[in-house]
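K.L.:
Next comes the sequence, and after it the predicted model I'd like to discuss.
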Amino acid sequence: MRLIMTLHPRAVLLIMLVTLTLNLRSQILMDLDSLLNLLPGAKEDSSLTELYISIGQQYEASDLNTAKTYYNRARELSDRIGYKAGAISYANNYSYIMNLEGKFDSSLIILGEAEAIARRENDSLGLAKVLFNTGSVYRYTGNYEKAIENYTEGQKYAARKGNPRLTAQVDDLLQVLYSDLRQYEKAIEYGHKAVAYFRQSGDLNLLGVSLNNLAVSYSHSGRTEEAVPMYREILSIGKKLQDLNMEGTALLNLGDYYLKQGKYSEMEQYYLMAYDIFNKLNLPEGIVISLRGLSLRSASRGDYPEALQLAKRSADLAGSNSLAEQHHKSLATVGHVYYAMQDMKSAEEYLGLSKSLEDSLLNEKVHKQVLEVESRYKNEMQADRIKSLEADKLINEYRMREKVLIIQTLIGITLTLLVVSFLLYRNYRNKQKLQQHRIRELETEKQLKVTEAVLKGEEQERSRLAKDLHDGLGGLLSGIKYSFLNIRENLVMTPENASSFERNLDMLDTSIQEMRRVAHNLMPEALFKFGLDATLREYCSGITNSGALNIRYQSFGLESDNPDQSISVSVYRIVQELINNIIKHAAAHFAMVQLSKSGNLLLIDVEDDGKGFDAVSAEESKGMGWSNIRKRLEYIRGELNIHSEPDQGTSIHIEIPLA
């Protein structure tokens with residue numbers, strides 16, 4: 001992975017994602033607790049703006065959303081008090097997070113606003129920083145002409161300040177640029193300059209950035225063995241700084257190295273650690289790369305089902321986050337796993353999808369290259385004309401040259417048109433496929449909306465019935481009970497009549513309790529008052545106390561973080577239906593219900609010691625119970641897995657995405 005100033009960089013295995021700003025930002029001098037302790041007594045002036053920026057920088061390594069919050073506070077305060085330098089500092093820092101998230105257009109907008117402010121205020125240093133960061137965004141998006149333009153202008157303004165630290169940062173930017181242009185020796189030369197300065201100055205943040213870029217340059221030039229010690233040093237620096245971005249970058253690069261060496265057990269540990277880090281930071285590209293590496297590890301062990309699951313997760317995540325380059329690579333990995341599983345049809349399907357996506361990316365590159373060729377051709381033609389007109393004696397030679405050039409041009413244009421026509425046709429076919437896929441998605445979305453409407457209507461009707469039972473019939477029965485109690489006080493009855501009267505009162509109490517139980521099952525108030533965890537715990541406890549079934553309930557990770565209402569209601573109904581099925585059909589004595597949260601997934605496990613059943617028949621069953629379960633799972637995008645054998649009980653596992 002490449003670490004660059006304010007950008008989303010590229011990995012050795014694929015394009016990378018970790019960045020640190022050029023410290024074209026303020027340097028952090030205090031730890032987070034000390035900075036936070038300064039907030040209560042701070043006045044609303046420029047120093048508070050800088051404090052907000054420093055706190056945001058501290059949060060960047062572990063909590064990007066909190067970092068955004070403090071940067072936004074800095075911008076709001078700067079606007080309120082007219083502090084222009086604060087607005088520029090905000091842009092240099094906030095654009096870093098935009099780059100991390102792959103939002104390069106937003107990053108350019110923010111930096112453009114800061115550039116306008118710096119020019120109006122004649123802030124040379126601020127303008128230099130903004131121009132360097134803008135150039136880095138253009139470099140990552142492949143617009144090298146714009147990148148060089150911004151770097152060159154930034155150098156001009158930075159030179160006025162005579163700042164050696166800034167000079168070292170520019171050396172690192174030039175290293176990245178030359179590496180992208182495949183001039184590796186030049187890149188390594190600039191990289192060593194930057195690393196030497198930051199190592200001597202003790203700036204660990206920028207040492208990690210420049211060292212990582214130097215390691216990538218070595219790796220790209222074929223000198224991977226020399227890069228590995230650098231990656232290990234970067235990992236050590238990241239741990240020392242508690243910078244998860246830097247750690248994850250180093251781990252992915254080390255994982256890629258061991259993958260190329262065929263050392264899969266060593267590779268696995270690095271990808272696992274990288275996955276945990278990027279999952280914690282919620283950075284999709286790092287998760288996609290890690291999952292793909294882990295898929296290859298599973299395939300090397302011969303565990304193809306696990307390899308397939310990991311590769312599909314990688315592809316789905318890349319697709320949902322518009323990571324086109326990663327998406328086509330992960331789709332190809334899925335296809336290769338299917339080949340290994342001897343499922344040729346599925347393999348061809350996924351490799352075809354990967355190829356289509358790769359071709360669409362290639363179309364964009366070809367279009368840019370055609371424009372560049374046309375521009376160069378026009379310039380060359382103009383230069384040839386000027387030279388030919390300078391000497392009359394070369395007119396005849398020029399005409400001959402022109403004829404040859406025209407013929408060559410026509411041939412070139414014809415070939416270009418053929419290539420472009422072929423690519424356009426292929427693009428048209430791909431668009432047709434994408435449109436068909438979109439139609440299927442819209443149909444699925446329509447079905448989900450219908451299901452949602454049905455389920456909402458069902459819950460509203462349950463709520464109405466529960467309210468009518470509780471407030472209407474419940475109140476009426478309670479009134480009758482108190483009337484009977486008053487009658488008993490005013491009547492003189494024989495012992496036999498008194499006994500009968502008491503039995504009828506007991507039957508009335510039982511009716512009231514049964515009515516309340518039915519109303520509670522229709523729409524449990526506890527679900528909205530106390531949340532899913534407490535309500536399911538109470539429900540299972542009630543079933544156990546009734547003697548119908550002994551249920552053990554467990555939950556993990558839900559103590560202070562309940563799902564939203566729509567998911568909670570659906571999960572409650574699903575568990576309720578599964579328990580009812582166990583009581584009615586399983587002849588079980590014991591059951592276990594377990595809820596847990598893992599990342600963005602809610603996991604539900606329901607097991608019993610009953611007689612079991614045919615899981616395939618249950619999946620195809622048209623019964624009301626299973627139909628309700630399937631509809632609710634479809635509504636909340638859940639996945640269900642059943643494992644059951646005769647006299648071995650049943651185990652049901654459900655996964656529900658929370659975001």
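P.N.:
Cool, the structure landed.

K.L.:
In contact with the residue sitting nearest the centre point of the chain, which residues?
P.N.:
Centre of the chain computed as the mean C-alpha position; nearest residue by C-alpha atoms, centre = their mean is residue 284, 3.6 Å away. Applying C-beta atoms under 8 Å, 6 or more residues apart in numbering, we find residue 284 in contact with 317, 318, 320, 321, 323. Glycine gets a C-beta too; all of them are placed from N, C-alpha and C.

K.L.:
Mind giving me the ChimeraX select for these, buried ones only?
P.N.:
The ChimeraX command for the buried members of these (criterion: 16 or more other C-beta atoms under 10 Å) is given here:
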select :317,318,321,323
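
K.L.:
What is the lowest-pLDDT residue among the contacts of residue 284?
P.N.:
Ranked by pLDDT, these bottom out at residue 323 (86).

K.L.:
Would you check how far apart that one and residue 308 are?
P.N.:
Going from residue 323 to residue 308 by C-beta to C-beta, to the nearest Å gives 20 Å.

K.L.:
for this protein, what helix or strand is lowest in average pLDDT?
P.N.:
strand 19-20 (a mean of 30; mean pLDDT, DSSP states H and E).

K.L.:
quick one: low-confidence parts of the stretch 301-450 of the chain?
P.N.:
For the stretch 301-450 of the chain, the stretches flagged by pLDDT under 70 are 362-396, 398, 443-450.

K.L.:
Okay, strands next: where are they in it?
P.N.:
Read by DSSP state E, counting those that start in this stretch, the stretch 301-450 of the chain holds no strands at all.

K.L.:
Give me the pLDDT value at the closest residue in space to residue 290 that isn't next to it in sequence.
P.N.:
Distances taken as C-beta to C-beta, 6 or more residues apart in numbering put residue 275 closest to residue 290, at 3.7 Å, once the chain neighbours are dropped. As predicted, residue 275 sits at a pLDDT of 92.

K.L.:
Would you agree residue 641 falls within a strand?
P.N.:
Yes: applying DSSP: H, G, I helix; E, B strand; the rest coil, one finds residue 641 inside a strand.

K.L.:
Is the nearest residue to it once chain neighbours are set aside in a helix, a strand, or coil?
P.N.:
Spatial nearest neighbour of residue 641, chain neighbours left out: residue 653 (4.6 Å); criterion: C-beta to C-beta, 6+ apart. With three-state DSSP as the basis, residue 653 sits in strand.

K.L.:
how far does stretch 428-448 sit from the chain's center?
P.N.:
Distance of stretch 428-448 from the chain centroid (C-alpha atoms, centre = their mean, to the nearest Å) equals 23 Å.

K.L.:
Pull that stretch out as CSV, backbone CA atoms only.
P.N.:
Presented in CSV, the C-alpha positions along stretch 428-448 are these (Å, rounded to 0.1, in the frame of the first residue of the first chain):
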residue,chain,number,x,y,z
TYR,A,428,-23.4,-1.2,-25.5
ARG,A,429,-23.7,-4.9,-24.8
ASN,A,430,-22.4,-4.3,-21.2
LYS,A,431,-25.0,-1.5,-20.7
GLN,A,432,-27.7,-3.9,-21.9
LYS,A,433,-26.6,-6.4,-19.3
LEU,A,434,-26.4,-3.8,-16.6
GLN,A,435,-29.9,-2.5,-17.5
GLN,A,436,-31.3,-6.1,-17.3
HIS,A,437,-29.6,-6.4,-13.9
ARG,A,438,-31.1,-3.1,-12.8
ILE,A,439,-34.6,-4.2,-13.9
ARG,A,440,-34.2,-7.3,-11.7
GLU,A,441,-33.0,-5.1,-8.9
LEU,A,442,-36.1,-2.8,-9.3
GLU,A,443,-38.4,-5.9,-9.3
THR,A,444,-36.8,-7.1,-6.1
GLU,A,445,-37.1,-3.6,-4.6
LYS,A,446,-40.8,-3.5,-5.5
GLN,A,447,-41.4,-6.9,-3.9
LEU,A,448,-39.6,-5.7,-0.8
